[in-house]
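K.L.:
sequence below, structure please.
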Amino acid sequence: MFTENSEKLVGAAAQQTVQRMGEAAANFLAGLSTDQRAKAQLDFADQVERTTWHYTPTPRQGLPFTEMDRQQQRLAQRLIMSGLSREGYNVATTIMGIETLLDAKEGFRSDLWWRDSRLYYVTVFGEPDGQKPWGWRFEGHHISLNFTIVGGQIVSPTPTFFGSNPASSPLMGGQTLRPLAGIEDLARQLMHELSAEQQATALLTTIAPPDIVTLNRPAVVAGSLPAKTPGIDDTLAVASQFRTMERLIQERDITPAELEAVRLNGAKGIAAAQMSASQRQILQALIGDYIHRMPDELAEIEMNKLKEQGMEQIHFAWAGGLERGEGHYYRLQGARFLVEYDNTQNDANHIHSVWRDAQSDFGADLITQHYQTSHHH
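P.N.:
Residues are numbered from 1 along each chain as shown. The predicted model follows:
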């Protein structure tokens with residue numbers, strides 16, 4: 001049972017984590033030259049840039065590892081570690097290393113300049129002294145970490161994105177490298193544990209969308225599709241993603257009805273309340289694999305927020321095939337909690353996964369409240 005005393009202990013541990021995060025950010029900035037710092041540190045009030053995020057290999061704002069010396073890279077890694085659990089950090093660095101493997105698979109082509117395990121960017125928004133709201137972002141191909149801190153507390157750790165291409169690679173001794181194995185295997189296990197009637201409720205369509213439905217939109221928007229949606233995306237700076245998705249949709253002959261089945265309109269699939277105790281255990285373990293990318297004390301706070309919002313109302317939805325090697329997609333959706341996962345590209349050996357707050361990515365609602373209160377006083 002989560003008692004008042006344990007809540008205080010977790011809160012104190014979380015404050016220490018945020019303090020370490022601030023110190024790591026300050027030390028990183030202090031170790032940079034004037035020109036480097038101009039790239040690495042941006043204004044927190046720059047709402048457009050602060051809420052712009054990508055998981056594709058594309059140029060970004062911020063300072064990349066390619067422009068840091070070894071000591072500066074280590075200071076950057078300390079900041080990254082402050083926002084991840086040990087397991088989460090292991091996954092993140094493995095994803096970065098896989099860029100070299102991907103470069104090799106593609107023949108070390110000179111035109112693919114972006115296949116570089118050092119082409120990951122660190123950006124600090126505002127001053128990490130705790131006096132005013134601030135945040136930081138770590139991002140590159142298949143990684144996007146976004147933290148927003150207000151009043152000494154992390155008000156938003158989302159969007160949090162991990163991906164991997166390839167998702168599965170052979171190792172010596174018959175072993176396999178699968179950095180995101182847990183979120184794939186647990187979801188498939190849950191789908192297989194469902195009865196035929198429950199599966200029918202959970203299955204949206206037998207054809208998986210080519211990517212996550214929310215893409216890299218700066219906020220979760222009702223009615224979204226994994227393509228440009230008239231009336232929704234007119235002002236969003238995600239044009240390159242739209243073009244890629246439109247090409248994939250055409251190549252795979254995905255019909256409008258199959259796309260419509262995965263449209264983000266309310267919770268779809270089967271609710272946890274409709275599951276057995278053993279099925280809910282698998283669901284909770286799957287949720288845990290996303291939330292426990294963060295340090296334990298922060299993950300515990302997020303898990304308790306989720307319980308307060310109502311774990312029984314979280315819906316699990318699936319699209320695509322049920323066996324390994326078949327393209328598939330799933331979604332976990334509650335009042336605010338949203339997870340999307342897909343493994344459809346490169347012969348279903350290319351994973352995208354994201355955890356988002358459907359109401360307040362980048363701490364949108366709490367930052368507005370903070371400024372209103374500050375202005376009032």
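K.L.:
so where do the strands sit in the stretch 101-250 of the chain?
P.N.:
Ranges of strands in the stretch 101-250 of the chain, per DSSP state E, counting those that start in this stretch, are 121-125, 134-140, 143-150, 153-156, 160-164, 169-170, 176-177, 203-205.
K.L.:
residue 243: which of those strands is closest?
P.N.:
Each of the strands of the stretch 101-250 of the chain has some distance to residue 243 by Cβ to Cβ; the shortest is strand 160-164, at 18.7 Å. (Each C-beta comes from the backbone N, C-alpha and C, glycine too.)
K.L.:
what's the closest one packed up against?
P.N.:
On a contact count with 3 or more Cβ pairs under 8 Å, 6 or more residues apart in numbering; DSSP states H and E, strand 160-164 meets helix 86-105, strand 143-150, strand 351-357.
K.L.:
redo that, cut-off 6 Å
P.N.:
strand 351-357 (3 or more Cβ pairs under 6 Å, 6 or more residues apart in numbering; DSSP states H and E).
K.L.:
now the strand it packs on: average pLDDT?
P.N.:
Regarding strand 351-357, the rounded mean pLDDT is 98.
K.L.:
quick one on the thing from earlier: so which of the strands of the stretch 101-250 of the chain gets nearest residue 57?
P.N.:
Among the strands of the stretch 101-250 of the chain, if distance is taken as Cβ to Cβ, the winner is strand 134-140, at 7.5 Å.
K.L.:
neighbouring contacts of the closest one?
P.N.:
25, 44, 80, 119-128, 145-149 (Cβ atoms under 6 Å, 6 or more residues apart in numbering).
K.L.:
are any of those residues buried, and which?
P.N.:
Among these, those classed as buried by neighbour count (16 or more other Cβ atoms under 10 Å) are 25, 44, 80, 119-128, 145-149.
K.L.:
which residues of this structure score low on pLDDT?
P.N.:
Along the chain, segments meeting pLDDT under 70 span 1-10, 234-237, 366-377.
K.L.:
grab the nearest non-local neighbour of residue 352.
P.N.:
residue 163 (4.5 Å; Cβ to Cβ, 6 or more residues apart in numbering).
K.L.:
surely the one you found is in contact with residue 350?
P.N.:
No: using Cβ atoms under 6 Å, residue 163 is not in contact with residue 350, being 7.6 Å away.
K.L.:
more neighbours, these two?
P.N.:
Taking other Cβ atoms under 10 Å, residue 163 and residue 350 do not tie; residue 163 has more neighbours (25 against 20).
K.L.:
got a list of what the more buried one touches?
P.N.:
55, 142, 351-352.
K.L.:
the residues you listed: which two are farthest apart?
P.N.:
Within those, two members stand farthest from each other by Cβ to Cβ: 55 and 351, at 11.0 Å.
K.L.:
among these two, which residue is more densely surrounded?
P.N.:
residue 351 (26 against 23).
K.L.:
ok so, going back, could you dump the strands of the stretch 101-250 of the chain to a markdown table with distance to residue 95?
P.N.:
Listed next are those as a markdown table, based on distance: least, Cβ to Cβ, whole Å:
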| stretch | distance to residue 95 |
| --- | --- |
| strand 121-125 | 14 |
| strand 134-140 | 9 |
| strand 143-150 | 6 |
| strand 153-156 | 22 |
| strand 160-164 | 6 |
| strand 169-170 | 12 |
| strand 176-177 | 11 |
| strand 203-205 | 28 |
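K.L.:
wait, which of the ones you listed is closest to residue 342?
P.N.:
Evaluated with Cβ to Cβ, the strands of the stretch 101-250 of the chain place strand 160-164 nearest to residue 342, the distance being 9.3 Å.
K.L.:
quick one: strands adjacent to the closest one?
P.N.:
strand 143-150 (antiparallel), strand 351-357 (antiparallel) (DSSP bridges).
K.L.:
possible to save the ones you listed as a markdown table with distance to residue 339?
P.N.:
Output for those, formatted as a markdown table (distance: least, Cβ to Cβ, whole Å):
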| stretch | distance to residue 339 |
| --- | --- |
| strand 143-150 | 14 |
| strand 351-357 | 5 |
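K.L.:
alpha carbons only: can I get stretch 88-101 in CSV?
P.N.:
Written as CSV, here are the backbone C-alpha positions of stretch 88-101 (Å, rounded to 0.1, in the frame of the first residue of the first chain):
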residue,chain,number,x,y,z
GLY,A,88,16.5,2.9,-19.9
TYR,A,89,20.0,4.3,-20.3
ASN,A,90,21.2,0.9,-21.5
VAL,A,91,18.5,0.9,-24.1
ALA,A,92,19.2,4.4,-25.2
THR,A,93,22.9,3.9,-25.8
THR,A,94,22.2,0.6,-27.5
ILE,A,95,19.8,2.4,-29.9
MET,A,96,22.5,4.9,-30.6
GLY,A,97,25.0,2.2,-31.3
ILE,A,98,22.6,0.4,-33.7
GLU,A,99,23.0,3.4,-36.1
THR,A,100,26.4,2.0,-37.0
LEU,A,101,24.8,-1.4,-37.7
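K.L.:
go through that stretch and flag the buried ones.
P.N.:
Buried-residue list, stretch 88-101, by 16+ other Cβ under 10 Å: 88-89, 91-93, 95-96, 98-99.
K.L.:
report the distance from that stretch to the chain centre.
P.N.:
Here stretch 88-101 is found 15 Å from its chain centre; the criterion is Cα atoms, centre = their mean, to the nearest Å.
K.L.:
ok, now stretch 78-92?
P.N.:
14 Å.
K.L.:
end to end on it, go ahead and measure it.
P.N.:
13 Å (Cα to Cα, to the nearest Å).
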